[in-house]
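Engineer: quick one: sequence and predicted model below, then my questions.
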Amino acid sequence: MSFFRLVMSFWILHSEVFYKQVSCLSVSRYVDFVEEGGRAVNVRVIRNKTDPDIHWTIFPETGSLKFRKTPFGLDVYAPENSKVDDRKKYQLIGTARGSGFARGPGSTLRPGKTLVKLRFTLLDNDGIAKRLLEIGGPVKFTVNHKASPHRTEYILSDFNPEIHQDWEFSPVKLTFQANQSGSAIMYARPKEDDIVEGTERFVLSLKRISNRMVSCVKSKLVEVIDDDMLGVWSTWYPVSDCQRNDLGKCSRSMSRSCKNLDNRGLSSNPHCIGPAFKQVKCICF
């Protein structure tokens, strides 16, 4: 037997030792977007122990989107940063790890073969934002829905799960039944409150929920300029005459007002620390 035939016979006899076939691989996730500085998105990976290990990469390579392994798969997340991420679409790619050979009509797996591709949208909270007064708005989102075999809902939300404390949405939810199409407009308006918060940044996003998948249709970066501000007290106004109350006690009252510190005008809502009214005892005649 020639040396060439000897080598080929060895390769054929031992190729099955290196060959690994995927018998059970299931990859699922319920969200296809990742919010910068927000919660991680769980990717559940189910496979048999005999299946090949999966090597995960993010394409294109970036520091804006990362992942970490968990006992049940992966967590995909976007660390908080201060740079504007120009690219918004990324792929999480899973390939067969290790070397091996595949032979036979039913052998489809080769070294480095791509097994999984998941697309993610990165919701960046940096960059130029639309600026609104706390008493301003609204922010408008146009929904153009194409008919789908599944019931579909649209909602507006932000990274913060307590977003409804800061914003009011109209309508709160938009629903299209299966095989129904249509267009509508959804509005988001900041709520007026009496809390000094300063300027706050939000990433309002239009979410589509269909067939147990939550997708981001579009997002808008918004800064809300707080009209609540720390003010300064005026001097106490002249004390009132001594008056007897219903309990027969006599007192004089004094009051003062909270004023704007920098004259921001009618859009401001100043707040001062301390009482605006007090009483002092006196003798009634």
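Structural biologist: Arrived safely.
Engineer: for stretch 186-202, how far is the first residue from the last?
Structural biologist: Stretch 186-202 has its terminal residues 17 Å apart, counting by C-alpha to C-alpha, to the nearest Å.
Engineer: ugh, wrong one, stretch 28-45
Structural biologist: 7 Å.
Engineer: give me the buried positions along stretch 76-96.
Structural biologist: For stretch 76-96, a neighbour-count test (16 or more other C-beta atoms under 10 Å) marks V76, Y77, A78, D85, Y90, L92, I93, G94, T95, A96 as buried. Using the backbone N, CA and C atoms, a C-beta is placed for each residue, glycine as well.
Engineer: show me those residues that map onto strands.
Structural biologist: Applying DSSP state E to the buried residues of stretch 76-96, the entries found in strands are V76, Y77, Y90, L92, I93, G94, T95, A96.
Engineer: min pLDDT across the residues you listed, which one?
Structural biologist: Note: of those, the lowest pLDDT belongs to A96, at 83.
Engineer: out of the ones in strands among the buried residues of stretch 76-96, the closest to T114 would be?
Structural biologist: Lowest distance from T114 to those (C-beta to C-beta) belongs to T95, with 5.3 Å.
Engineer: domain map for this structure?
Structural biologist: As assigned by automatic domain parsing, the chain contains the domains 12-123, 130-226, 231-281.
Engineer: tell me how far the first one is from the chain's mean position?
Structural biologist: So that's domain 12-123. Centroid separation for domain 12-123 versus its chain: 22 Å, with C-alpha atoms, centre = their mean, to the nearest Å.
Engineer: cool, and stretch 249-261?
Structural biologist: Remark: stretch 249-261 is offset 46 Å from the chain centroid, using C-alpha atoms, centre = their mean.
Engineer: buried sites along that stretch?
Structural biologist: For stretch 249-261, a neighbour-count test (16+ other C-beta under 10 Å) marks R256, C258 as buried.
Engineer: only C-alpha atoms, please: export it in PDB.
Structural biologist: In PDB, the C-alpha atoms belonging to stretch 249-261 read as follows (Å, rounded to 0.1, in the frame of the first residue of the first chain):
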ATOM      1  CA  LYS A 249     -56.100  82.500  71.300                       C
ATOM      2  CA  CYS A 250     -54.600  85.700  69.900                       C
ATOM      3  CA  SER A 251     -51.900  85.900  67.300                       C
ATOM      4  CA  ARG A 252     -50.400  87.900  64.500                       C
ATOM      5  CA  SER A 253     -49.500  86.300  61.100                       C
ATOM      6  CA  MET A 254     -46.500  86.900  58.800                       C
ATOM      7  CA  SER A 255     -46.000  85.700  55.300                       C
ATOM      8  CA  ARG A 256     -43.400  85.700  52.600                       C
ATOM      9  CA  SER A 257     -43.200  84.600  48.900                       C
ATOM     10  CA  CYS A 258     -40.800  82.400  47.000                       C
ATOM     11  CA  LYS A 259     -39.300  84.200  44.000                       C
ATOM     12  CA  ASN A 260     -37.200  83.300  41.000                       C
ATOM     13  CA  LEU A 261     -33.500  83.600  41.500                       C
END
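Engineer: mean confidence for that stretch?
Structural biologist: Across stretch 249-261, the average pLDDT comes to 84.
Engineer: is it true that I273 lies in a strand?
Structural biologist: No: looking at I273 with DSSP: H, G, I helix; E, B strand; the rest coil, it is coil, so not inside a strand.
Engineer: that one and E192, how far apart?
Structural biologist: 21 Å (C-beta to C-beta, to the nearest Å).
Engineer: tell me which of the two has more neighbours.
Structural biologist: Shown here are I273 and E192; by other C-beta atoms under 10 Å, E192 has more neighbours (13 against 8).
Engineer: surely that one touches G136?
Structural biologist: No: with contact defined as C-beta atoms under 8 Å, E192 does not reach G136; the gap is 9.9 Å.
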